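Q: got a structure for you, letters missing:
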DNA sequence: GTAGATGCCGTAAACGTTTACGACCGTACC
DNA sequence: GGTACGGTCGTAAACGTTTACGGCATCTAC
């Protein structure tokens, strides 16, 4: 075991001084500091995290909770892998480590989180896939664990920072665009569970319809799983509707795949027989044919903003990141594709 | 702070007894054990992990290192999320937690891992995306950290457990199948980096050609990134070959997407103009048109095997999982699709 | 009735750090 | 030459657990 004790007696210095040297305290001469750092590097000494955590009550790690369930929006096609990168570049600046905590799909997310915080595995948390009413938020709030939510929530606990994709704006702009091309009967594919982004997306959709004086018709708001399968199902239901919509907007990136497939089975092609506007421009979207009209953003930059906003809410980082409690809607940029090329004559 | 000390004085019992009661030691009366457990549940006491780790030198968490880089085969998150589930069901049986350690793409994986093990964040590790010569293996071996590799390696360090998909068998069976349909000029898409699975896949491909008396032609072994983009590039290179192959086998699930796209751009359809056999049956594969011939496996069961094999190599679990040091090739089952329907007349 | 065994519990040390405190030395200043 | 002070370092306590050890009952067996 290569503890600080052995390092100290190898250098014939007290362990207190060694610790101060390693941690950059001012009250140690430059000469001994060099000696210590060299010896540490040579012998491969790194402070045991348990000892350090115990003493100073901080673990130096940030947790990022995701749900490994297959049905939750956002967890496919390398969305998270990109975000992690961004978060890590921020955390790395402060010698913090990121660990990802995948909640098993058969476990209650709040209960899972409870275990994590009780064991004090991490100093702060990023939670994703927020639900309309999310018990995790109340939990973290009452446990006074710093956290940020990737996704809004209706939960009325104390004021916490959040960052969310612009579901409302994206839905609205998609409808605007379709209306400009003459569409009036525009369907929407929304999630089937109570994940919060579904409500926000629907909100944007309804508001846009209202702007254009188009009545809201619940019959063409189709709930489906946030997956390829869900997209397929949406296609299926669209085809069986009596007064078939001429366009559809989707809340999740993978849905277009399934929808394309169902249309192809019916001998229809997107952009000619039905206008389609997807959500995020995933690497896959670029390879769809016809190309998908959707929305672009930088996952890495989202991760950076997420990390910085989290740190801003943590004691000890307030001066480095003075933005306070962040509530931010992440903008997305339209990517024109061929899937919404269909134009209708104005009635 | 709700430590064991407060819990003990609240019960008016010594903290030693409280600890023994919580940990299920035999030398505590049933009555006090009940009292302790009830009070702990009521006051929400959970042992501080740092204190416990420090004392018994074990963290009760297992790490799963993945690479968040975009170019590494096998790193699509729908793959890992499934595997995590399986690993967790095994670990959960023993009150172990899984944390995922995403290595930033701009950091050296071995160096990243070094930090993790030196800080003693985890008791054992699962590493993935093994390279032909993988310094992580030497590192873990010399640090005596129990680990299992998801993927083989040529690294000649001490004997370590591993589990790997049947790349060799899959490549071989794909070639067999194509040869049976009359193909003789069969291209292969292999990774462009030195990830080990590329060598194994190529091995299976060559061995199968040899079996059928077909000469190996390096000109139609195309190296490309393990991504949709790589698949697109393979399509591109195939089309520009002088003596165009009539079939192609791919080592990575996402490649088919890009390849399909490039073929479509050239007015060709998979299964009619070019036989295609992909790798893993991802959720996406089911929505490709024409459907992709590929190989199926259970991610969850793979995760279970991974977890059990890891535990088998850990001190204290040998009697529960007596399989010793596991070297296992994970079988995959053929899923017939339309993408290799093309049959050629025997010359 | 005594010896030994057993069941239950309290005491205290130990894990590897960090850090408050005080000690020591040298220098500067009056 | 004494005092004050800054720079450097050693000492020891503390963080929250677990566990070896010993002690006190109670019980069993002779």
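A: Nice, thanks for sending it over. None of these values were measured; they are calculated from a predicted model.

Q: So which residues on the stretch 51-200 of chain A come close to DNA strand D?
A: Contact residues (CB under 7 Å from any atom of the strand) of the stretch 51-200 of chain A with DNA strand D: A:51, A:54-55, A:57. Backbone N, C-alpha and C define where each C-beta goes, glycine included.

Q: and residue A:129, how many neighbours?
A: Residue A:129: 24 surrounding residues under other CB atoms under 10 Å in any protein chain shown.

Q: so where's chain A shaky on pLDDT?
A: A:1, A:69-77, A:347 (pLDDT under 70).

Q: Strands along that one, start to end?
A: A:61-67, A:97-103, A:124-128, A:147-150, A:162-165, A:186-191, A:221-224, A:247-250, A:275-280, A:293-296, A:327-330, A:333-335 (DSSP state E).

Q: Save those as TSV, and put in mean neighbour count too.
A: Formatted as TSV, these follow (neighbours: other CB atoms under 10 Å in any protein chain shown):
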stretch	mean neighbour count
strand A:61-67	23
strand A:97-103	24
strand A:124-128	23
strand A:147-150	26
strand A:162-165	22
strand A:186-191	25
strand A:221-224	19
strand A:247-250	28
strand A:275-280	28
strand A:293-296	22
strand A:327-330	15
strand A:333-335	13
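
Q: what does chain A have sitting close to DNA strand C?
A: Going by CB under 7 Å from any atom of the strand, the residues of chain A near DNA strand C are A:1, A:3-5, A:15-16, A:19-20, A:22-23, A:25, A:45, A:47-48, A:50-52, A:54-56.

Q: ok, now with 6 Å
A: With CB under 6 Å from any atom of the strand as the criterion, chain A meets DNA strand C at residues A:1, A:3-5, A:15-16, A:19-20, A:22-23, A:47-48, A:51-52, A:54-56.

Q: Of the strands of chain A, which is nearest residue B:330?
A: Distance to residue B:330, taken as CB to CB, is lowest for strand A:97-103 among the strands of chain A, at 20.6 Å.

Q: counting contacts, what elements does that closest one pack onto?
A: strand A:61-67, helix A:79-92, helix A:109-118, helix B:77-92, strand B:97-103 (3 or more CB pairs under 8 Å, 6 or more residues apart in numbering or on different chains; DSSP states H and E).

Q: Quickly list what the residue nearest the centre of chain A is bridged to.
A: By CA atoms, centre = their mean, chain A has its centre lying nearest to residue A:150, at 4.8 Å. On the basis of DSSP bridges, residue A:150 is bridged to residue A:128, residue A:163.

Q: Which parts of the stretch 201-347 of chain A are helices?
A: A:228-240, A:255-265, A:299-312 (DSSP state H, counting those that start in this stretch).

Q: Could you export these to JSON lines, including columns for distance to DNA strand D and mean neighbour count?
A: Shown next, in JSON lines, are the helices of the stretch 201-347 of chain A (distance: least, CB to the nearest atom of the strand, whole Å; neighbours: other CB atoms under 10 Å in any protein chain shown):
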{"stretch": "helix A:228-240", "distance to DNA strand D": "44", "mean neighbour count": "21"}
{"stretch": "helix A:255-265", "distance to DNA strand D": "46", "mean neighbour count": "24"}
{"stretch": "helix A:299-312", "distance to DNA strand D": "24", "mean neighbour count": "22"}
